[in-house]
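[1] build me a structure from this.
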Amino acid sequence: FLSALAENNQRDWFSDHKEEYEAARKNIVDFTVGVIKHLSKIDALVDINTNPEKCVMRIYRDIRFSKDKTPYKRWFGIHKLTSGRYAGGIGYYLHIEPDKSFVAGGYWQPEGMHLKAIRQEIDYNADDLKAIIDKPSFKKLFGEFRKQERLKTLPSGYPATHENIDLLKLKSFVAVHNLDNVELQQPDIAETLAEIFKEIYPLNIFLENAIAQPS
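    Predicted coordinates for the structure are as follows:
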């Protein structure tokens, strides 16, 4: 369905194929049930009774301020998997799109005060973060954490000679693992994702603790 939608991103086509969309969305909702089940064994903020319907994002795009006027997303997004709340935008995300699927977690582009708090935590306890992101199993899944988008200048209050300036210059703190089409359709994909989330979980805890600390 998503492949066809990418080639026919128009309201008339979508209306004519509404039943196919509903079937595809149900497939994603059912899949989310399994994801929640396995993630609940890893993260206490994930309630096995979470309503999966509320985790699947709307397929309708907000085109009011966009130059791209295509009305529908070409993917299904799964988020808000935690029934409790991490601070800010900390959490888990699943993106399902032909040839472009991925699983992610952490905090993408934290707001100003949160970014300041995370940098302070890195300044004080960088070894805790490095123990997470330099772990061989973490690197195998997500690559080099430090290669995310970084400031071109120095973050306020930190010198160029700071031993962890590469981490302090980060604009986001996310771990991303791409999923190919074959991998995503394996019967044990929910278990596979659980192993990926297991590596992301300590990162989320580090970020949560950073933001929870008084500045």
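
[2] work out for me the element L193 sits within.
    helix 189-212 (DSSP states H and E).

[3] over to Y93?
    Assessed by DSSP H and E, Y93 sits inside strand 91-96.

[4] my guess is I200 contacts L94. True?
    No. Applying CB atoms under 8 Å as the test, I200 and L94 come out as separate, 11.5 Å apart. Where you see a C-beta, it was placed from the backbone N, CA and C, and this is true even at glycine.

[5] next, show the common contact partners of those two.
    Common contacts of I200 and L94 (CB atoms under 8 Å, 6 or more residues apart in numbering): A104.

[6] now the helix holding L193: buried residues?
    Neighbour-count burial for helix 189-212 flags 190, 192-194, 196-204, 206-208, 210-211 (criterion: 16 or more other CB atoms under 10 Å).

[7] rewinding a little: any idea of the mean pLDDT for the strand holding Y93?
    Averaging pLDDT along strand 91-96 gives 96.

[8] between that strand and helix 189-212, how many degrees?
    140 degrees (axes from the mean of the first three to the mean of the last three CA atoms, to 10 degrees).

[9] outside of strand 91-96, which residues touch it?
    Residues contacting strand 91-96 (CB under 8 Å, 6+ apart): 2, 28, 35, 39, 75-82, 101-105, 184, 193, 197, 200, 204.

[10] what are the pairing partners of it, and which direction each?
    Strand 91-96 has the following strand partners under DSSP bridges: strand 76-78 (antiparallel), strand 101-107 (antiparallel).

[11] closest to K54 out of the ones you listed?
    Nearest to K54 among the strands paired with strand 91-96 is strand 76-78 (10.4 Å), distances taken as CB to CB.

[12] give the buried residues for the closest one.
    76-78.

[13] before we move on, the earlier item: just the CA trace of the strand holding Y93, in PDB.
    Only the C-alpha atoms of strand 91-96 are listed here, as PDB (Å, rounded to 0.1, in the frame of the first residue of the first chain):
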ATOM      1  CA  GLY A  91      11.500   8.200  23.700                       C
ATOM      2  CA  TYR A  92      11.400   5.600  21.000                       C
ATOM      3  CA  TYR A  93      10.300   5.800  17.400                       C
ATOM      4  CA  LEU A  94       9.600   3.300  14.500                       C
ATOM      5  CA  HIS A  95       9.500   4.500  10.900                       C
ATOM      6  CA  ILE A  96       8.000   2.100   8.300                       C
END
